[in-house]
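Q: Just to be clear, the model below is a prediction. Sequence and coordinates:
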Amino acid sequence: MMSIININRIMGYAAALVCLTACTDVELFEEDNYKELHRTVMTVDYDGAIWSPAPDSMYVFASRITLPTRTCYRVNPSSLNGNVIHGDVAEQDEIESPSRGFYLRHSQYHFMSFNIANGVESNYKDFIQNPNKDEDIRKLYVGYPSSEIKSPFPTSYYAVEKFYEVDEDNHHLTFSPRKVGQDITINLSMVKASPDFTVKSIEGSLSGIPSKLYLTTRYVDAKNCYSMNFDSGKFSAGLAQQESVDTCRFTLKFNAIALHVTEEQYHNYDVSPNAPGVLRLNVTTVDNVGNERVMKAVIGLYCSITEANSLKLADNDADYKLTDNQTPVVNVVTPLVLDSDEIIVENKPNVDIWQRDEN
């Protein structure tokens, strides 16, 4: 049986504990107050000097680094009104739509913004809907929807902001977007070795267009390259810019992600259909009596594209990434020489030298 002394001692301890608890200040927050203390309305704007006119909308992606969650906000870069289309905070509904901001928890984020133009493929939906998937922000890309490229890459923009701390004092970002891809110029000339024909039209293709651009790293998918198809209508001066009786100079301008070539092409003089950096031309001519003829020419542009400085080897010595050159110029030094019935070529095939296209 417990003694009276022990009972009194236990009761004394209990009383002291109650007294200690009563003297300790405990601050309690209602749920709504807790939300207010740990979230903020994030706002964005754009340094839009690059675009004219601005796109209709830009997507803003906020990828939380700890406890991975992702928020996607679509905003008009001119009015700055927008809507949340995917978010990790249920209270987004408290902001009237369209709004000038979106809720984020206080934390560290990786931000990105880009627009999805017609004809552009992206994996952004998988990215925002699977925050715990083994796919980090470095795998977010834009690219061509198929290998049949018949027009320049649609005008698109992107901006990246890494590791931004969001709290009550830091809740606004100004994005400085840049254009996806490069404005590429190809200069070439054609020489007529005979006056007995005229050039009616030109069709062709240029291979070595990387299929994807990874936005945060600016790496390209150089292992999967496509070809850009074009006709004489794509030449800025058409067939009218004639330097002399026998020589015409052409300028081909288009927007693409980049231009890629490989050292294998240089060593092997590779102009096969799957080789990158190969320019093919189908030149339709008409002789003095009205007969049409199509002559096919091909040239591997390893040196010309390398000098254009479109891509560079990444730090890992395995991948390729964009350079800061937004306007690469490819100068095809060797002119294409046409006779009345054939293309005149050098006896020994070499890079940056025209050949007859047997494909």
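A: Sure thing, it's come through. Numbers count the residues shown, from 1 in each chain.

Q: Do a quick rundown of the helices in this protein.
A: Residue ranges of the helices in the chain, as given by DSSP state H, are 4-22, 31-37, 124-129, 263-268, 302-308.

Q: Ranked by average pLDDT, which of the ones you listed falls at the bottom?
A: Ranked by mean pLDDT, these bottom out at helix 4-22, with a mean of 39.

Q: tell me which residues form a beta bridge with the residue nearest the centre of the chain?
A: If you average the C-alpha coordinates of the chain and look for the closest C-alpha using Cα atoms, centre = their mean, you land on residue 213, 4.0 Å from that point. Residue 213 forms beta bridges with residue 142, residue 220, as assigned by DSSP bridges.

Q: Any regions of the stretch 1-150 of the chain where pLDDT drops low?
A: Counting by pLDDT under 70, the ranges of the stretch 1-150 of the chain that qualify are 1-37, 88-98, 134-135, 147-148.

Q: List the contacts of residue 271.
A: If a contact means Cβ atoms under 8 Å, 6 or more residues apart in numbering, then residue 271 has 265, 278, 298-300, 355, 357 as its contacts. For glycine as for every other residue, the C-beta is placed from the backbone atoms N, C-alpha and C.

Q: Just the buried ones among these, please.
A: Buried residues within these, counting neighbours by 16 or more other Cβ atoms under 10 Å: 265, 278, 298-300, 355, 357.

Q: out of those, who's nearest residue 58?
A: Taking Cβ to Cβ as the measure, residue 278 is the one of the buried ones among the contacts of residue 271 closest to residue 58, at 35.9 Å.

Q: okay but that closest one is in contact with residue 207, surely?
A: Yes. Between residue 278 and residue 207 there is a contact at 4.7 Å, judged by Cβ atoms under 8 Å.

Q: Please parse the chain into its domains.
A: Per the record's domain assignment (automatic domain parsing), the chain is made up of the domains 31-179, 182-356.

Q: dump the residue contacts of residue 73.
A: 42, 44, 59-60, 62, 82-85, 87, 102.

Q: Could you dump the buried ones among the contacts of residue 271 into TSV and include distance to residue 143?
A: As requested, the buried ones among the contacts of residue 271 are arranged in TSV below (distance: Cβ to Cβ, whole Å):
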residue	distance to residue 143
265	23
278	21
298	26
299	26
300	24
355	31
357	28
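
Q: mind listing which of those residues are in strands?
A: Among the buried ones among the contacts of residue 271, the residues falling in strands (DSSP state E) are 278, 298-300, 355.

Q: Who does residue 251 form a beta bridge with?
A: With DSSP bridges applied, residue 251 shows beta-bridge pairing to residue 187.

Q: distance of it from residue 49?
A: Separation of residue 251 from residue 49 (Cβ to Cβ, to the nearest Å): 27 Å.

Q: Need phi/psi at residue 339.
A: With angles defined as degrees, to the nearest 10, residue 339 sits at phi -100, psi -180.

Q: where along the stretch 51-200 of the chain do the strands fall?
A: Taking DSSP state E, counting those that start in this stretch as the test, the strands found in the stretch 51-200 of the chain are 58-64, 70-75, 82-86, 102-105, 107-114, 121-122, 141-143, 148-149, 157-166, 172-175, 178-179, 182-192, 197-210.

Q: Quick one: closest of the ones you listed to residue 333.
A: Closest among the strands of the stretch 51-200 of the chain, using Cβ to Cβ: strand 182-192, at 9.1 Å.

Q: Number of residues surrounding residue 270?
A: Each residue near residue 270 was counted by other Cβ atoms under 10 Å, and the total is 18.

Q: actually residue 84, not the one I typed
A: If you count neighbours by other Cβ under 10 Å, residue 84 ends up with 20.

Q: Show me what it is bridged to.
A: In this structure, residue 84 has the following beta-bridge partners (DSSP bridges): residue 73.

Q: How much space separates it from residue 74?
A: The spacing between residue 84 and residue 74, counted by Cβ to Cβ, is 8 Å.

Q: beta partners for residue 311?
A: For residue 311, the beta-bridge partners are residue 322 (DSSP bridges).

Q: Measure how buried it is and give me the count.
A: The criterion is other Cβ under 10 Å. On that basis, residue 311 has 27 neighbouring residues.

Q: Does it touch residue 323 like I think?
A: Yes. With contact defined as Cβ under 8 Å, residue 311 reaches residue 323; the gap is 6.5 Å.

Q: can you put the strands of the stretch 51-200 of the chain in CSV and add distance to residue 329?
A: Formatted as CSV, these follow (distance: least, Cβ to Cβ, whole Å):
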stretch, distance to residue 329
strand 58-64, 30
strand 70-75, 35
strand 82-86, 38
strand 102-105, 42
strand 107-114, 26
strand 121-122, 28
strand 141-143, 24
strand 148-149, 20
strand 157-166, 22
strand 172-175, 29
strand 178-179, 17
strand 182-192, 5
strand 197-210, 14
